[in-house]
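Trainee: next comes the sequence, and after it the predicted model I'd like to discuss.
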Amino acid sequence: MSHRDFGMLLFHQEKYSDSGAQLEQAIRLGLHAPTIYNFLGIAYSRTNRLALAVSSYQQALKLDPQLAEAHLNLAYAYQRLRRPTAAKAEYKAACHLEQKYCKFVPQS
């Protein structure tokens, strides 16, 4: 838990590389919460490690398919990877789960 807490502190200080290392350690030590994977994905995304970000968001959604934030973050990662069809599906999933995310659904 201390790695998670320290990782989140670093995350909120926008020290994403260091945050990611702490969150990775928390996971290695057995903490498998969807929100931790989501924040780890954000840390990866902010340090331009998009493949790892996608994997982390997918793990978060495997643990909790209803985690709207992870759908939204996965959509953004797909968009950055130039995968518009996958991005659109994730944006729609986020919107379906949380109305406030509907403004991010691409119009086409």
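Mentor: Okay, I see it.

Trainee: how deep is the residue lying closest to residue 93 once chain neighbours are set aside tucked in, by neighbour count?
Mentor: Excluding its sequence neighbours, the residue lying closest to residue 93 (Cβ to Cβ, 6 or more residues apart in numbering) is residue 71, at 4.3 Å. Backbone N, C-alpha and C define where each C-beta goes, glycine included. One way to gauge burial is a neighbour count; for residue 71, by other Cβ atoms under 10 Å, it gives 26.

Trainee: can you list the helices and strands that the helix or strand harbouring residue 71 packs against?
Mentor: When secondary structure is defined using DSSP states H and E, the element that contains residue 71 is helix 68-80. Using 3 or more Cβ pairs under 8 Å, 6 or more residues apart in numbering; DSSP states H and E, the elements in contact with helix 68-80 are helix 34-46, helix 50-63, helix 84-97.

Trainee: make JSON lines from those and add mean pLDDT to it.
Mentor: Conversion of those to JSON lines gives the following (pLDDT from 0 to 100):
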{"stretch": "helix 34-46", "mean pLDDT": "97"}
{"stretch": "helix 50-63", "mean pLDDT": "98"}
{"stretch": "helix 84-97", "mean pLDDT": "95"}
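
Trainee: out of the ones you listed, which is the most enclosed?
Mentor: Highest mean neighbour count of the helices and strands packed on helix 68-80: helix 34-46, a mean of 23 (counted as mean count of other Cβ atoms under 10 Å).
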